[in-house]
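Asker: I would like the atomic coordinates for the input below:
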Amino acid sequence: MAILEHEWRRRKAFVDRHRQGNENAFKICQAVLVFQTPMGKMLVKLWFWWTGPYWITNVENDTFKLRTLADEILRQKINGFRV
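Answerer: Just a heads-up that it's a prediction; the model follows:
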C-alpha cells in the first residue's frame with residue numbers, strides 16, 4: 001500500500017508543478033484561437049483545426065467566455081486546454 005501511495009503523491013506533484021504556469025497564462029481582452037476537435041467527423045488532411053481569433057471576456061476556473069470580433073458573445077464556455 002505504501003508503494004501505491006508514494007506513486008500517487010509523485011504523480012500529483014508532477015501535475016501540480018506543471019499546472020501552476022497555466023493559471024495566469026491568459027488574461028481578459030487577450031486574443032486567442034480555439035482548437036476544434038473532430039468528434040464524429042472524417043479526418044481530412046486540409047482541415048482547419050483552429051478557429052478564431054476570439055477575445056476573452058471572462059475567466060473562471062480555467063474556462064473562458066469568449067466573444068468574436070463582431071462583438072457577439074459565444075454561448076458556451078471554452079475549456080482552457082482548447083485555447
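Asker: and the lengthiest strand in the chain, what's its mean pLDDT?
Answerer: Across the chain, the longest stretch assigned as strand under DSSP state E is strand 50-60. For strand 50-60, the mean per-residue pLDDT is 89.
Asker: just stretch 12-20 next, same as before
Answerer: Along stretch 12-20, the predicted local confidence has a mean pLDDT of 79.
Asker: picking that back up, which is the succeeding secondary structure element to the longest strand of the chain?
Answerer: Reading on from strand 50-60 to the C-terminus, the next helix or strand found by DSSP states H and E is strand 63-67.
Asker: wait, what's in contact with residue 74?
Answerer: With contact set as Cβ atoms under 8 Å, 6 or more residues apart in numbering, residue 74 has these partners: 54, 65, 66, 67, 68. For glycine as for every other residue, the C-beta is placed from the backbone atoms N, C-alpha and C.
Asker: Of those, which is the most crowded?
Answerer: Within those, most neighbours by other Cβ atoms under 10 Å means residue 54, with 22 neighbours.
Asker: In contact with it, which residues?
Answerer: Contacts for residue 54 (Cβ under 8 Å, 6+ apart) come out as 31, 32, 33, 34, 66, 67, 68, 69, 74.
Asker: What's the separation between the residue nearest to residue 33 when sequence neighbours are not counted and residue 31?
Answerer: Counting by Cβ to Cβ, 6 or more residues apart in numbering, residue 52 is the residue found nearest to residue 33 once chain neighbours are left out, at 3.9 Å. Using Cβ to Cβ, to the nearest Å, one gets 8 Å for the distance from residue 52 to residue 31.
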